[in-house]
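Student: my questions concern the predicted model and sequence given below.
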Amino acid sequence: MSPSIDSADSDPSSKLAELSLEHPASLHSAAEESSTMPAAIINASVQDNLGTQTPDDAEKHLPPVAQPHPVLPVVSKKDKFLKETSLQPSDSPQLRHAKQLEIEIEYPDMDNSVAHGQVEKDATGKTIRKAVPATGLTRNRSTGKIDQDRGRPITDEDRELHKRRRRGSVDEKVSAPRRFFIDVEETKRIILAQEDTDGDFQITVQDSGPKSFQLGSANSGGFRKYDIRGTYMLSNLLQELALASDYGRKYIVLDEERLRENPVERMTRLIKFHFWDGLTRRIDAEGLELICNDPKGNPNDKVSRVYVPYHDKFAFNYYTEVGKTRPHLNITVIRLPEIITPQYVKSLNRTPGILSLMLREQTDPNTKQKIIRGVPFVVPGGRFNEMYGWDSYFEALGLLVDGRVELARGMVDNFCYCIEHYGKILNANRSYYLTRSQPPFLTDMTLEVYRHLRAKPATWSPPNLSAWLSQSFRGCVKELLSIWLAPPRLDPVVGLSKFHPEGIGMPPETESTHFNHILEPYAERMGIDLETYKEMYATDQIKEPELDAYFVHDRAVRESGHDTTYRFEKRCANLATIDLNALVFKYEVDIARVLIEHIANGNLSEDPNAGAFYVRLPANLFLQLSNRTRQLVNQYLWNPTEHLFYDYDCKVQEPSAYETVTTFYALWSGLATEEQARHMVPKSLNLFEVKGGLVSGTEESRGRVGLDRPNRQWDFPYGWAPHQILAWSGMVRYGFVDDARRVAYRWLYMISKSFVDFNGVVPEKFDVVKMTHKVNVEYGNVGADFKFVVREGFGWMNASFEVGVSYLTRNLRRALGALTPPDRLFDSSG
C-alpha cells in the first residue's frame, strides 16, 4: 500500500516521521517492477550524495560532480538484447515491467557467441549467425593416456604444429586484425601441456613455458599459422577456450583483438557482463537448487532447512509448496518464533539453515502466467549463497556504475525485509547470524539507488519513487533506533556505539578446530579431553565467564566485518570505533535530510489511516542526534595532536593507540570538519599510502608477528576494497581530488597487473605493500584458486575496479591500460 503524501510544505523542524509499531503488510507485493538501462555509465560514487551533512553546512561539503569520462568501448550485450526483445503495445503494465526487470537482470548471449565470432551483424545492424566450418585441425590422437582435466599428453606432431618460437625483434606487419579458427578442446589441451608448467590450470608469469603459441587463421580454414605471444595473450586464449567449452562449443572463430584486449576494457567487460551474473542469487525454487547443495552447515545433516519469519505466511506457503514439488531438495520449512532470543538462536546451531528473503509475485514474460520469484541479490564470491551485510553496499555501488539499477534496488528491498522481519540487517541470511549485524550502510545505499531510479521517469513515477524511498527509510529509522542507538551496542556511559552482537557461545560457522587453541587450556585445567569440553561448554554444562567474554568479543569482530585484526583482539565489544560511529552519524544526517527535502510532510508511514499505533519523530530529532554524535566523536575519538581519529575503549576509559585507515570514514560521512580534514589527509596518506593503495593499519600498530603471533588479514600489509572506496570518496568530498586519483590509480594498477600476469585473477584482498594477491594469511584469498578462467571475481573487488576507474582522468585511464607503474607515473608528473 502506498503512503499517503501531503504536498503542502512546512517548516523543516516540524516535519514528522511516523514510524509504525504494528507489523505492516507483507513486503513481497510492495514494489512495482521496473527497469531500463541508463544511456551512459553513471559515476555512482563521486556525484551528489544526499544527506551527508546538517542543512547549515551541507552545501559546502557536498562532493563535486565528477567530470564525464568516455564510455569504455565494449560490445554491449545489453543493447543487443534490448533491440531483439521488443515490448508489445498489448503488454499489460505488469508484463511490461516483468520483461524489463528480467532484461536487466538476465543477460543474453551467455554462450559468448558474439565474443567467439559465431554471430555477426549485417549492414543494417541485424544479427546473423555465421556458418561454422565442419572440419577442424588435424591432430594425432593415437598415443598417450587421456586425463579427464588436461587431455592427452602433447605429441611430437603437436610440437611441430605449434612450433615453440620465442619472441623476435621483428614480426610480420598486419594491416587488419586476424581471426582464428580454433578446435576448442584440442587447443586447450595442447596449450596447457606446453605453457602451464606448474600444473595449476592457469597460464601465469610464474610458468616457464615458451610463451609463444600458433593458431590457424579462419580465412585459411586453420591452415595458415600465426604466433600468439606473451603471458597475457596466452592466458586470454585459455580463458576464451574455457568459456567456449562451458557452453559446449567444439569450434570457435576468435578475433585476435579479443586476445590483445586492453586489460582495463577486458576487466570492465567481464565484470559488467559476466561476473555480476555469476554472483547473482535468489531464494526461490530455482535458487534453492544451488543453495541446498551448499556444503556450509553440518556436513552430516542431509536436511535442507529454510527458516521463514513468523509474520510472512506468504513465504511459508511458497516454500512449503516448493518442498512438495521438488522432493529431491529434501527441504524442511520452519517458521521462526515471533520473538527471537539469543537462547533460541543458539538452539539452532545443530540445525542450521538459510533464512528467507523477499519474494515478488510477477508475470512470466513468456507464458504470461503469474510466478513467484525471489528478489535477486549479489553474493561476495562464488562459494557463497547468502546476502552479506556490508559487502552488499559496495557491490551495489559497482552495479550502479554498470547500469544494473534493478539488481541494486533488489538488494535494498531485501535489506528492508530483513529489518522488518529479523529486526536488523544481518551479517548474512543464515540461521546462526540472527543475532549479528554488520556495518550499517543502508541510508547511503538507498539514496544512491534512488538517484538512479529518479533518472527513469518512464517506469518510476514520482509517487511510486516516493513510496519506495519512504519504505526504505522506515527500515533505516527502525535499524538506527533499535540496533545502533540501543543496548548492548550503545554504550551507556560514553554515549557512542559499539559492535556488540547478542549471540552467546562459540560462533558455529567456523571450522570445528578453529577455537582449539583457545579451549585447550580450559580442558586441561578440568582434566578432560578437548572434544568433551567443547560439548559440555556448548550445552551449558560448563560455565566459564572468561570464555564467555572472549566469544562476545569474537562475535563483535565478525559483526564489524574486520575479522580478524589485532586492532580488536579480545576487546572489540568494548570499543567505540571511528568507522561505526561515522556510519551512525551518516544515518542520522541522511534520515534528517530525506525528511526535510524528499518526503512531503516528513511522513514515512505506509498508511497513517490504517488504525495502527505510530510514534511521531520530528526531523529535527535526527539533526540533534547527528550533532550529539559529532560532539562525542570529537571528544573521545579525535586526537588533535596526532590529527587522526582513533577508537575508544569504553571499558577502560582510554583511547586505543592503533592507527587505522578507517579514519577516512570521517571524511566519507561528512563528520570531519574542514580544519580536521586539512590536517588529517596529509597525515593519513603518510601513514597508510603504500605502493598498492591504502593499507589497513600501520606496521607499528600491528606489532610483531611470528609463529606464536600470526598475521591477521585486516592488519598491515593487507588492503581491502571497502577502505579504498570510502577513502576516495571522502578525499574528493573535501577537495583532495588529486590525492584521491593517485591512491585510486595505485589500487587499480595492482588489480590490473595481477589480472594480466595471473590469468585474469580478481581476488578478495591484496598485500598492498608487495602488490600481490599471493598471501599467506588466515582464510587464504577467496577468488585466487580457480581453473582456466575466473567466472565471478569477488564482489567488492569487482565494484572497486568499476568505481575506481570513474575517478581517473582520460590520461590516467590510458596509463592504466598500458600498465604504467604508479611510482614512475606520479614521480614523472610531480
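Tutor: In hand now; what should we look at?
Student: pLDDT weak spots in the stretch 701-830 of the chain?
Tutor: For the stretch 701-830 of the chain, the stretches with pLDDT under 70 are 828-830.
Student: so which residues of it form strands?
Tutor: 718-719, 766-767 (DSSP state E, counting those that start in this stretch).
Student: quick one: which of the ones you listed is nearest P682?
Tutor: strand 718-719 (19.5 Å; Cβ to Cβ). Any C-beta I mention is one placed from the backbone N, CA and C, and that applies to glycine too.
Student: related to what we said a few turns ago, dump the strands of the stretch 701-830 of the chain to JSON lines, plus distance to Y522.
Tutor: Putting the strands of the stretch 701-830 of the chain into JSON lines (distance: least, Cβ to Cβ, whole Å) gives the following:
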{"stretch": "strand 718-719", "distance to Y522": "31"}
{"stretch": "strand 766-767", "distance to Y522": "35"}
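Student: dump those strands to JSON lines, plus distance to S461 and mean neighbour count.
Tutor: Below are the strands of the stretch 701-830 of the chain laid out as JSON lines (distance: least, Cβ to Cβ, whole Å; neighbours: other Cβ atoms under 10 Å):
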{"stretch": "strand 718-719", "distance to S461": "43", "mean neighbour count": "25"}
{"stretch": "strand 766-767", "distance to S461": "44", "mean neighbour count": "24"}
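Student: which residues of the stretch 601-750 of the chain fall in helices?
Tutor: Counting by DSSP state H, counting those that start in this stretch, the stretch 601-750 of the chain has these helices, from start to end: 619-636, 665-668, 674-688, 699-702, 721-733, 737-757.
Student: and of these, who's closest to E261?
Tutor: helix 737-757 (10.7 Å).
Student: can you give me the angle the closest one makes with helix 674-688?
Tutor: 30 degrees (axes from the mean of the first three to the mean of the last three Cα atoms, to 10 degrees).
Student: pull out the buried positions in helix 737-757.
Tutor: For helix 737-757, the buried set under the neighbour-count rule, 16 or more other Cβ atoms under 10 Å, comprises 737, 739-757.
Student: ok, now stretch 774-794?
Tutor: In terms of neighbour count (16+ other Cβ under 10 Å), stretch 774-794 has its buried residues at 775, 777, 781-784, 786, 788-794.
Student: list the contacts for F384?
Tutor: Going by Cβ atoms under 8 Å, 6 or more residues apart in numbering, F384 touches A428.
Student: which helix or strand contains the nearest residue to Y665 once chain neighbours are set aside?
Tutor: Spatial nearest neighbour of Y665, chain neighbours left out: A582 (3.9 Å); criterion: Cβ to Cβ, 6 or more residues apart in numbering. With secondary structure defined by DSSP states H and E, A582 is part of helix 578-597.
Student: coming back round to it: wait, doesn't the residue nearest to Y665 sit right on W668?
Tutor: Yes: between A582 and W668 there is a contact under Cβ atoms under 8 Å: 7.1 Å.
Student: how many neighbours does D277 have?
Tutor: D277: 18 surrounding residues under other Cβ atoms under 10 Å.
Student: whatever helix or strand it lives in - what's its average pLDDT?
Tutor: According to DSSP H and E, D277 maps onto helix 276-278. Per-residue pLDDT values across helix 276-278 average out to 95.
Student: re earlier: what about the strands of the stretch 701-830 of the chain, which gets the closest to D196?
Tutor: Nearest to D196, of all the strands of the stretch 701-830 of the chain, is strand 766-767, at 23.8 Å by Cβ to Cβ.
Student: show residues contacting the closest one.
Tutor: By Cβ under 8 Å, 6+ apart, the surrounding residues in contact with strand 766-767 are 692-693, 717-719, 750-751, 754, 772-775.
Student: re the thing from before, can I get the buried residues of stretch 774-794 in JSON lines with distance to C476?
Tutor: Shown next, in JSON lines, are the buried residues of stretch 774-794 (distance: Cβ to Cβ, whole Å):
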{"residue": "V775", "distance to C476": "36"}
{"residue": "V777", "distance to C476": "35"}
{"residue": "N781", "distance to C476": "34"}
{"residue": "V782", "distance to C476": "30"}
{"residue": "G783", "distance to C476": "31"}
{"residue": "A784", "distance to C476": "36"}
{"residue": "F786", "distance to C476": "38"}
{"residue": "F788", "distance to C476": "43"}
{"residue": "V789", "distance to C476": "40"}
{"residue": "V790", "distance to C476": "35"}
{"residue": "R791", "distance to C476": "34"}
{"residue": "E792", "distance to C476": "30"}
{"residue": "G793", "distance to C476": "29"}
{"residue": "F794", "distance to C476": "27"}
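Student: between those, which is nearest L519?
Tutor: Distance to L519, by Cβ to Cβ, is smallest for V777 among the buried residues of stretch 774-794, at 22.6 Å.
Student: what's the neighbour count on the closest residue to that closest one other than its chain neighbours?
Tutor: Excluding its sequence neighbours, the residue lying closest to V777 (Cβ to Cβ, 6+ apart) is Q713, at 4.8 Å. If you count neighbours by other Cβ under 10 Å, Q713 ends up with 19.
Student: residues touching Q713, list them.
Tutor: Q713 neighbours (Cβ under 8 Å, 6+ apart): 564-565, 765, 775, 777-779.
Student: apply 10 Å and report the result again.
Tutor: The contact partners of Q713, by Cβ atoms under 10 Å, 6 or more residues apart in numbering, come to 562-565, 696, 720, 764-765, 775, 777-781.
Student: wait, L604 sits on W468?
Tutor: No: taking contacts as Cβ atoms under 10 Å, L604 lies outside contact range of W468: 11.8 Å.
Student: for stretch 308-321, list the C-alpha coordinates in CSV.
Tutor: The C-alpha coordinates for stretch 308-321 follow below in CSV (Å, rounded to 0.1, in the frame of the first residue of the first chain):
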residue,chain,number,x,y,z
VAL,A,308,10.8,-18.2,7.4
PRO,A,309,9.8,-15.2,9.6
TYR,A,310,6.8,-15.5,11.8
HIS,A,311,4.7,-12.9,10.0
ASP,A,312,5.5,-13.9,6.4
LYS,A,313,2.8,-16.5,5.7
PHE,A,314,3.1,-15.9,2.0
ALA,A,315,6.7,-17.1,2.1
PHE,A,316,5.9,-20.1,4.4
ASN,A,317,3.2,-21.3,2.0
TYR,A,318,5.5,-20.8,-1.0
TYR,A,319,8.5,-22.7,0.4
THR,A,320,6.2,-25.5,1.6
GLU,A,321,4.9,-25.9,-1.9
